[in-house]
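Visitor: Prediction below, plus the sequence it came from.
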Amino acid sequence: MQDPKVLVALDYADLRQCMSFVDGLEPSSCRLKVGKEMFTLFGPELVKALHHKGFEVFLDLKFHDIPNTVAKAVAAAAELGVWMVNVHASGGRRMMEAAKAALQPYGDKRPKLIAVTVLTSMEQADLQDLGIELSPQQQVERLASLTQQCGLDGVVCSAHEATALKSLLGEDFLLVTPGIRPSGSEQGDQRRIMTPVEAIAAGSDYLVIGRPITQAASPKQVLQQINQELSE
Ligand SMILES: O=c1ccn([C@@H]2O[C@H](COP(=O)(O)O)[C@@H](O)[C@H]2O)c(=O)[nH]1
């Protein structure tokens, strides 16, 4: 597979369990996402170990802070050599522009920089609690347009917004979609969900999938099955 579509969310508390899963995978079958839990537990050494095994890494730390702090954080991610890094679009224009500028010295070697719009665990009522009267779709479109104006490579959104975003912002603007649930798997805390095949058909470029793979009895087999369905 030249450009694997699945980004496996490595949300393990146990490093040995994580590595035994990773050791059964081929870097051509997926990329790996390191998020807040594992990065807090195991730090940059984990990212380096995954690189050493030949995997490309999405560092999903969702930076959300003042422009100077976020710029330095994304530069630190670039120093680690990750494939993709992200910030929260709600950090605003100046923050996203600072993040983009911080990656300029890395040229072709820079990570892809994307911004989180509305978390896939959120629905209309959650936005209302925050005083936002827009629908998730409208809020995603607003934040994704701002992200594109700031020169970032794409956004994290749900697959439900993918078709509209592709027509609004163009094919090249990357859409990374968590909230992916193969049929029969548990929804958990996710709210805006879709199956892998439907998400790709809707316009997702990359699918973030965690628990349906990592909590399965045979994680490698579930990943193979998803990749098989996507190639049909
Ligand atoms: O909007 C978002 C942004 C990030 N995530 C992350 O993706 C994975 C999803 O894991 P599942 O187990 O498949 O639900 C997880 O690491 C989240 O932190 C997201 O779900 N939604």
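Guide: Thanks, I have it. Numbering: from 1, shown residues only.
Visitor: Which positions in this protein make contact with the ligand?
Guide: 9, 11, 35, 116, 119-120, 156, 178-179, 188, 190, 208-212 (Cβ under 6 Å from any ligand atom). For every residue, glycine as well, the C-beta is placed using N, CA and C.
Visitor: Any chance of a ChimeraX selection covering the buried ones in these?
Guide: A single ChimeraX command suffices to select whichever of the residues of the chain next to the ligand are buried according to 16 or more other Cβ atoms under 10 Å:
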select :9,11,35,116,119,120,156,178,179,190,208,209,210,212
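Visitor: tell me the SS of Leu50?
Guide: Three-state call for Leu50 (DSSP: H, G, I helix; E, B strand; the rest coil): helix.
Visitor: any low-confidence regions in this structure?
Guide: Across the chain, nothing is flagged by pLDDT under 70.
Visitor: Can you flag which of the residues of the chain next to the ligand belong to strands?
Guide: Of the positions in the residues of the chain next to the ligand, 9, 116, 156, 208-209 sit in strands, assigned by DSSP state E.
Visitor: Pull the most distant pair out of the residues you listed.
Guide: Val116 and Ile209 (16.8 Å; Cβ to Cβ).
Visitor: ranges for the helices of the chain?
Guide: For the chain, the helices defined by DSSP state H occupy 15-23, 36-52, 67-80, 93-103, 124-129, 136-149, 162-169, 196-202, 211-214, 219-231.
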